[in-house]
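Participant: need a 3D model of the following:
(one chain, ligands or ions: 2)
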Amino acid sequence: MIKITNLTKLYKNKSNKVQALKNVNLNIEKGEIFGIAGYSGAGKSTLIRCVNLIERPTSGSVTIDGIEVSNLTGKELRKTRQKIGMIFQHFNLLSSRTAYENIALPLEIAGVDKGEINKKVTELLKLVGLEDKAESYPSQLSGGQKQRVGIARALANDPKILLCDEATSALDPDTTKSILNLLQDINEKYNLTILIITHEIKVIKEICDSVAIMESGKVIESGKALDIFTKP
Ligand code: ADP
Ligand code: ADP
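Facilitator: Ligands and ions are numbered 1, 2, ... in the order given. The predicted structure follows:
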């Protein structure tokens, strides 16, 4: 589903150069939960931005669902972006919109008609267990509930891939568990491919099928979670 080949990213400022990614190779299969772990500065965000088509690689390629995406523009770029949903550490909800309206936003942008939006948002609220919070504003929701709204919003356009950027790092352990359980349910229900980046190794141990460990822009280890975490 996502194939990353010899991916390199060099940031050039006036005074210095940073090689954020060095020849990264990863193969993320359809329907798997893939975790990328590493300390701050390892290159995780840069990698996810290359997958999310926000950043263009210096060299190498990213293939999503069979399409080489690094040089897409215009309509093709928008079409591929619609295959990707994303959730964030700080949820990134609009504070002036209710839970319902936050989830509806990507559908409105895509030009979906009101009846369809209502059907879809109602279904998504149910999926994430927030039927009774449709009219609540983000300030009236707990962290876990906000992330549930974030997940529902990310799924609104029926993406094939869900990217999770430190999605549980702002949550307490119990809430983290419930969010990870929800991600696992969604993965099974829709055969959704999920890519998680985090500095918390326990998150990866909890739900990931495959793992890559990053350090200084390189993947220093990768494979099935069972193999990596049972090594002596
Ligand atoms: P992580 O997400 O693992 O913390 P990042 O991808 O954010 O790692 O950063 C990798 C390296 O690239 C770091 O040294 C960081 O300072 C640098 N970096 C990230 N974004 C930029 C940018 N826009 N301009 C210059 N350097 C950057
Ligand atoms: P219309 O334009 O025909 O009035 P709406 O989209 O305003 O249609 O409302 C249709 C249904 O969608 C409403 O009955 C309501 O249940 C639901 N709905 C619309 N907006 C919201 C919202 N912000 N929060 C919760 N439910 C909503």
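Participant: what's the helix or strand for Glu206?
Facilitator: Here Glu206 sits within helix 201-207, counting by DSSP states H and E.
Participant: can you list contacts of that helix?
Facilitator: 33, 35, 37, 168, 176-177, 180, 183-184, 196, 198, 211, 225, 229 (C-beta atoms under 8 Å, 6 or more residues apart in numbering). Every C-beta, even on glycine, is put in place using the N, C-alpha and C of the backbone.
Participant: of the residues you listed, which belong to helices?
Facilitator: Per DSSP state H, helices hold the following members of the contacts of helix 201-207: Thr176, Lys177, Leu180, Leu183, Gln184, Ala225, Phe229.
Participant: near ligand 1, list only the ones from those.
Facilitator: Among the ones in helices among the contacts of helix 201-207, not one lies near ligand 1 by C-beta under 6 Å from any ligand atom.
Participant: ok, and the most crowded of these?
Facilitator: In terms of neighbour count, Leu183 stands highest of these at 24 neighbours, by other C-beta atoms under 10 Å.
Participant: need the contact list for that residue.
Facilitator: Neighbouring residues of Leu183 by C-beta under 8 Å, 6+ apart: Ile33, Ile151, Leu162, Cys164, Ile194, Ile196, Ile207.
Participant: so the third one, which of the three states?
Facilitator: In other words, Leu162. strand (DSSP: H, G, I helix; E, B strand; the rest coil).
Participant: distance of it from ligand 1?
Facilitator: Separation of Leu162 from ligand 1 (C-beta to the nearest ligand atom, to the nearest Å): 18 Å.
Participant: I'd say that residue and Leu192 touch.
Facilitator: Yes: judged on C-beta atoms under 8 Å, Leu162 makes contact with Leu192 at a distance of 5.6 Å.
Participant: joint contacts of the two?
Facilitator: By C-beta under 8 Å, 6+ apart, the residues touching both Leu162 and Leu192 are Ile186.
Participant: show the backbone phi and psi for the closest residue to Asn6 other than its chain neighbours.
Facilitator: The spatial neighbour of Asn6 that comes closest, neighbours along the chain excluded (C-beta to C-beta, 6 or more residues apart in numbering), is Gly60 at 3.9 Å. Phi and psi for Gly60, reported as degrees, to the nearest 10, are phi 90, psi -180.
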